[in-house]
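# Sequence below, structure please.
(chains A and B)
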Amino acid sequence: MVGALVFSVVLLSQITSQTVWIENSKSFAAQPRFWPGVALALMVMGFGLQLWWLRRRRPNAQDWVEARRWLEPLEYVLWFMGYVFAVPVIGFLPMSVIFACGLTWRLGYRGGIYQGIAASFAIATVILFKGLLGVKIPGALIYDALPGALRTFFILYL
Amino acid sequence: MDILFAAFDVLARWDVVLALCVGSIGGVGIGAIPGVGPAVAIAILLPATFSMDPIVGLTVLLGIYGSSMFGGAIPAILINTPGTAVNALTTYDGYPMTLRGEGRRALSLAYSASFFGGVFSVVCLILLSPLLAKVAPMFGSREIFLAALLGIILVIVAHKGQMLVATALTGFGIFLATVGLEPVKYTRRFTFDQTWLASGVNLIVVVLGLFALSQALVLLTMDDEKVRISKSRGSLFQGFRELGRHPRVASISAAYGVVMGMIPGVGEFTAQFMSYTTARKLSKTPEAFGQGSSEGLIASEAANNAVPAAAMIPLLALGIPGEALTAMMLSVFYVHNVVPGPGLFLNQMDFVVALYLALLILNVLVVIFLLISTGWLVHLTKIPNRFLGMCILLLSFVGVYSIRNSAVDCAIAAVFGLIGFVLKRLNMPIVPIILGMVLGGIMEVKLRASMNRVKVPLDFIDRPIAFILFCIIVIILGTTLWRVWREWAPVDRQSPARRASHRFSQRIAGRKTRHFEVRTKQQRRKRKYDHLGS
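Sure, this is the predicted structure:
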């Protein structure tokens, strides 16, 4: 709550440098600064009053356990971002299979059945979204090494 | 009648039929898996629907929205874990029935009540259409601004016990909508000279982060548990006969669903609680509620399934989404340059009626599918949490990356995923951020447009609907402030009963899941699905 309040106050303090005030504006509502001002005022007021009404107490052991819980997902965010940066190089299909099987392994499902389901899920996702629904995910750098027709097929559908 | 035929014409296409089937079957499956929920599924599928026709895309999303609650009843009844957050009340009476060996009867009752609620709300929607078509054109810029403002206020007020946090998070949502190049004077707002911020913060990226990625992170950091499904007897058809014996409970509950669904920011939870309480008051056996009462089950399922169709009313008639799922659907309209609002009723009534009919057909398809497939849908509840988390993480990538092929978007989604994770851990609501983003953008545009014609402040409310909306806003603000003022007393000075009531209302506040979580823990084992639909 303190962090959220500090974040809101810092943003509010930047309002004059990050928004413009137009002298000959038709109305107050047409000022580019009006809505960011309203939003930040709501944030500062909401977080501030909530913090004011919270019961004061020293942090106990449970708070630190909770704080550690907040750090746990960072590992999976790194997995996710690694996947994001690898797809344009390695390709959607290969990287999805690697990601699904790798993360499944990391999560402790090391049996052949789970690895097989993870790989099948990754392949099905690629076929469904890129192959059938045609979502825009570009081809990878390594697909350039493939021969003519196969290269086009991989870029378009996998 | 011409409009009805035109609407059938819109639906009579192979891709719409396919979308109906995929949406309904997919929605049931998603609902049956605890930990996914319609919000996650719709957020992931949203970018994929942008390349489809609006009617096809919306049919898929509506299918998921409408049918997930049917599926959510399966784990709620059989393993005491709501498949979607709105099935939480179903566990109260459904699971005790399973423990008595009447699981199939409970499922059948849930399906029939859900079907009744769904059909009832679509019929109400169809009957209301002529009235909406007359009233909607009376909404100009200032009326839409006031309706959006009312929506924001209701979203905040609905989070009883968490109103301050909801206010702040709504403000955060409005702030996010203002970041980037402002469309009138083309000045930059809060871009900090970063080019990637010039185009603003994409709503879909935020939605995917807050709903899909955060849920993946929640599941990935959870423990897996063994799910044991009890044997049950009875026919899956007997519930339809039994529903006929409780027409009053079913009708009142569905009516609550319709009314609450229409009001922005209120939705399934309030509808469920009000219908459940009313059903209990009207019942000859109120003591059976919570112990496996068929009336209780009917009340909760009929109410929550009546909401999706009703929630489409403010979206279609005014272009104002009342909750997160319809806010996501609004982006499908915008992508295809179909502007929901008064103009839609005037110029594309066939499209609107086609959507209603799609919802009607959807309910029939879902019930048929459930009667055939309940046996194997039960096994979906056995998917381990963390494996499910991996699947959602992979699908989230597809959702975010396919928007603009941007790693920056993915990083922003990851940040919002972490914010969503923390908010879920703190039992704080997510919906105000999304509604703040959507309604904030609408309010900015409409207020600017309406101020051009306003010379003195009273001009703003000189039209009947604007005046009525203004009065409603004043009344809601007045009563809320009065209630807060009257109820407020330092916790230390409250009587034990008042303290207990305060604690209970805090648990129930927001998305109420913690209360059910505690009950679930008491009844069965530790299992957390905070804010599944929030």
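
# for residue B:442, what are its contacts?
B:144, B:145, B:148, B:319, B:320 (C-beta atoms under 8 Å, 6 or more residues apart in numbering or on different chains). From N, CA and C alone the C-beta is placed, and that goes for glycine too.

# If I follow the layout properly, the first one ends up in contact with residue B:318?
Yes - Residue B:144 is in contact with residue B:318 according to C-beta atoms under 8 Å; the separation is 6.0 Å.

# between the two, what contacts are shared?
residue B:341.

# one step back: now, the most widely separated pair of the contacts of residue B:442?
B:145 and B:319 (11.6 Å; C-beta to C-beta).

# and the longest helix anywhere in chain B, what does it pack onto?
Determined from DSSP state H, the single longest helix within chain B is helix B:103-135. On a contact count with 3 or more C-beta pairs under 8 Å, 6 or more residues apart in numbering or on different chains; DSSP states H and E, helix B:103-135 meets helix B:54-78, helix B:88-99, helix B:238-243, helix B:247-262, helix B:294-318, helix B:342-347, helix B:349-377.

# chain center to that helix, what's the gap?
Counting by C-alpha atoms, centre = their mean, to the nearest Å, helix B:103-135 is centred 16 Å from the centre of its parent chain.

# the inter-axis angle of the next helix or strand after it versus helix B:247-262?
Downstream of helix B:103-135, the first helix or strand assigned by DSSP states H and E is helix B:141-158. Taking axes from the mean of the first three to the mean of the last three C-alpha atoms, to 10 degrees, one finds helix B:141-158 and helix B:247-262 inclined to each other by 120 degrees.

# from the middle of its chain, how far away would helix B:141-158 be?
Relative to the chain's own centre, helix B:141-158 is displaced by 17 Å; criterion: C-alpha atoms, centre = their mean.

# got it, and stretch A:41-54?
Centroid displacement of stretch A:41-54 relative to its chain, using C-alpha atoms, centre = their mean, is 27 Å.

# just stretch B:451-470 next, same as before
31 Å.

# near chain A, anything from it?
Yes - Stretch B:451-470 is in contact with chain A by C-beta under 8 Å from any C-beta of the partner chain, via B:451, B:452, B:454.

# Please name the residues that touch the nearest residue to residue A:14 once chain neighbours are set aside.
Excluding its sequence neighbours, the residue lying closest to residue A:14 (C-beta to C-beta, 6 or more residues apart in numbering or on different chains) is residue B:190, at 7.3 Å. Applying C-beta under 8 Å, 6+ apart, we find residue B:190 in contact with A:11, A:14, A:18, A:19, A:36, B:175, B:178, B:179, B:197.

# Can you tell me which of the contacts of residue B:442 are buried?
Among the contacts of residue B:442, the ones that count as buried by 16 or more other C-beta atoms under 10 Å in any protein chain shown are B:144, B:145, B:148, B:319, B:320.

# Please list all residues in contact with the nearest residue to the second one once chain neighbours are set aside.
The shortest distance from residue B:145 to any residue other than its chain neighbours is 3.9 Å, reached at residue B:446 (C-beta to C-beta, 6+ apart). Residues in contact with residue B:446 (C-beta under 8 Å, 6+ apart) are B:141, B:142, B:144, B:145, B:148.

# repeat for residue A:107
Residue A:107 neighbours (C-beta under 8 Å, 6+ apart): B:220, B:386, B:387, B:389, B:390.

# Could you do residue B:444 as well?
Residue B:444 sits next to A:29, A:35, B:177, B:178 when contact means C-beta under 8 Å, 6+ apart.

# From those, which one has the minimum pLDDT?
pLDDT is lowest at residue A:29 among the contacts of residue B:444; the value there is 79.

# List the contacts of residue 49.
You didn't say which chain, so I picked chain A. When contacts are taken as C-beta under 8 Å, 6+ apart, residue A:49 is in contact with residue B:164.

# nope, chain B please
Applying C-beta under 8 Å, 6+ apart to residue B:49 gives the contacts B:56, B:57, B:58, B:60, B:61, B:332.

# Redo the residues you listed as a markdown table? Include distance to residue B:105 and neighbour count.
Below are the contacts of residue B:49 laid out as a markdown table (distance: C-beta to C-beta, whole Å; neighbours: other C-beta atoms under 10 Å in any protein chain shown):
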| residue | distance to residue B:105 | neighbour count |
| --- | --- | --- |
| B:56 | 37 | 21 |
| B:57 | 38 | 23 |
| B:58 | 35 | 26 |
| B:60 | 32 | 27 |
| B:61 | 32 | 24 |
| B:332 | 39 | 21 |
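
# sorry, back to before: which two of the contacts of residue B:444 have the greatest separation?
So, these by C-beta to C-beta: farthest apart are A:29 and B:177, at 14.8 Å.

# how deep is the residue lying closest to residue A:98 once chain neighbours are set aside tucked in, by neighbour count?
Distance criterion C-beta to C-beta, 6+ apart; nearest residue to residue A:98, sequence neighbours excluded, is residue A:90 at 7.4 Å. Other residues near residue A:90 come to 18 when the count uses other C-beta atoms under 10 Å in any protein chain shown.

# repeat for residue B:84
32.

# Ok, residue A:74 next?
Other residues within reach of residue A:74, judged by other C-beta under 10 Å, total 13.

# Find me the pLDDT at it, would you?
94.

# again with residue B:519
49.

# How about residue B:229?
At residue B:229, pLDDT is 69.
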